[in-house]
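Asks: Predicted structure and sequence below. I'll ask about it afterward.
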Number of protein chains: 2
Amino acid sequence: MPTDADLANLASDLRLACMRISRRVRFESANVLAPHAFSVLARLGEQPRTPRELADIERVSAPSMTRTTTALVERGLIDRAPDPEDGRCVILSLTAQGEALLAQTRAARDGWMSSRVATLSRAERDVLREAVQILAKVAEQ
Amino acid sequence: MPTDADLANLASDLRLACMRISRRVRFESANVLAPHAFSVLARLGEQPRTPRELADIERVSAPSMTRTTTALVERGLIDRAPDPEDGRCVILSLTAQGEALLAQTRAARDGWMSSRVATLSRAERDVLREAVQILAKVAEQ
DNA sequence: TATTGTTATACTCTATAACTATA
DNA sequence: TATAGTTATAGAGTATAACAATA
């Protein structure tokens, strides 16, 4: 039977481990785009969205999102199109160039991580494979 | 025998899982300090350091670190002291108030994580306990 | 009247360049 | 001459307030 302290320690250790990995990935992989801009690109990689949706997802103000998306449009990474069903809305989506940059950035980040994972034992990798499934549940709760 | 693709997939899944957890933690826990300031506080929680050391660790310029640490001094969270061995250096360390804020912020972040971990099965938590050890190795490489 | 999006304005964080003090 | 730190200045990102267009 795990005590409250066991749970708290695991939670703390796990949080710190994830944050350290995340930090290392961000630092080690060359970043062409600033984090907030990359995050928007990644969201649009899932599906086209309106500026309002992006602002809510990213937890920034609408004017901030306007600025970010304007910069991405100017760089040719995303497209703006009017919403045929609601004249107030704009629909943002990735350009081919945006998709390419997204793929390239992810490859760079994965590259750093791959080089680390490759040094682990088979057993360690198996543990991490299981952990990935559990972490996905945790993040989605 | 794992293929290159197996390794690459695990690395990618693991990276994304850690980044999502990290992102959720940052979003869900109320943040009294901005990320860059909290990060400096956390570094000084490990040991006293000079502004130059902090700038190198955080990968920001010396003037940026001057601004960040000045704000933390003004808020009473860190102390500045001359280095007795090198007149050019300044030694920064946490005040009692800084230590308290650090502990409080960590408790809030751990609280979010704990509530998630508590819903997992005993077996899942055991996997995560092992994963934490492996992730620590990965991050330190 | 409510919602989407933009523009106007100000504040914060960041960087480079220039300066002071110490080694 | 090199290094630690600060100050001066400018470039981004963010926010709130005010505005235009549409529902």
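Replies: Ah, there it is.
Asks: check which helix or strand covers A:Tyr79.
Replies: Quick fix: residue A:79 is Asp, not Tyr. strand A:78-82 (DSSP states H and E).
Asks: pLDDT of that strand, averaged?
Replies: Strand A:78-82 comes out with an average pLDDT of 97.
Asks: Partner strands of it, with direction?
Replies: Partners of strand A:78-82 in the sheet, by DSSP bridges, are strand A:90-94 (antiparallel).
Asks: residues of the strand holding A:Asp79 that come out buried?
Replies: Counting neighbours by 16 or more other C-beta atoms under 10 Å in any protein chain shown, one finds that the buried residues in strand A:78-82 are A:78-79. For every residue, glycine as well, the C-beta is placed using N, CA and C.
Asks: Let me know whether whichever strand or helix holds A:Gln104 sits next to DNA strand D.
Replies: If you go by DSSP H and E, A:Gln104 is part of helix A:96-117. No - using C-beta under 7 Å from any atom of the strand, we find that helix A:96-117 stays clear of DNA strand D, coming within 14.7 Å at best.
Asks: how about that helix, does it get close to chain B?
Replies: Yes - using C-beta under 8 Å from any C-beta of the partner chain, helix A:96-117 reaches chain B at A:106, A:109-110, A:113-114, A:116-117.
Asks: Report the angle between that helix and strand A:78-82.
Replies: Per axes from the mean of the first three to the mean of the last three C-alpha atoms, to 10 degrees, the angle that helix A:96-117 makes with strand A:78-82 is 140 degrees.
Asks: Output the contacting helices and strands for helix A:96-117.
Replies: helix A:4-28, helix A:35-46, helix B:4-28, helix B:122-140 (3 or more C-beta pairs under 8 Å, 6 or more residues apart in numbering or on different chains; DSSP states H and E).
Asks: and the most centrally placed residue in chain A, what pLDDT?
Replies: Geometric centre of chain A, nearest residue: A:Ser39, 5.4 Å, by C-alpha atoms, centre = their mean. pLDDT for A:Ser39: 94.
Asks: same check, this time on A:Pro2
Replies: pLDDT, A:Pro2: 65.
Asks: For A:Ala5, grab the count of nearby residues.
Replies: A:Ala5: 8 surrounding residues under other C-beta atoms under 10 Å in any protein chain shown.
Asks: List the residues that contact it.
Replies: Listed by C-beta atoms under 8 Å, 6 or more residues apart in numbering or on different chains, the contact set of A:Ala5 is empty.
Asks: again, but for the one 5 residues further on
Replies: Remark: with contacts taken as C-beta under 8 Å, 6+ apart, A:Leu10 is in contact with B:117, B:125, B:128-129, B:132.
Asks: before we move on, the earlier item: which of the residues of helix A:96-117 next to chain B lies closest to DNA strand C?
Replies: A:Arg109 (19.7 Å; C-beta to the nearest atom of the strand).
Asks: low pLDDT regions in chain A?
Replies: A:1-2 (pLDDT under 70).
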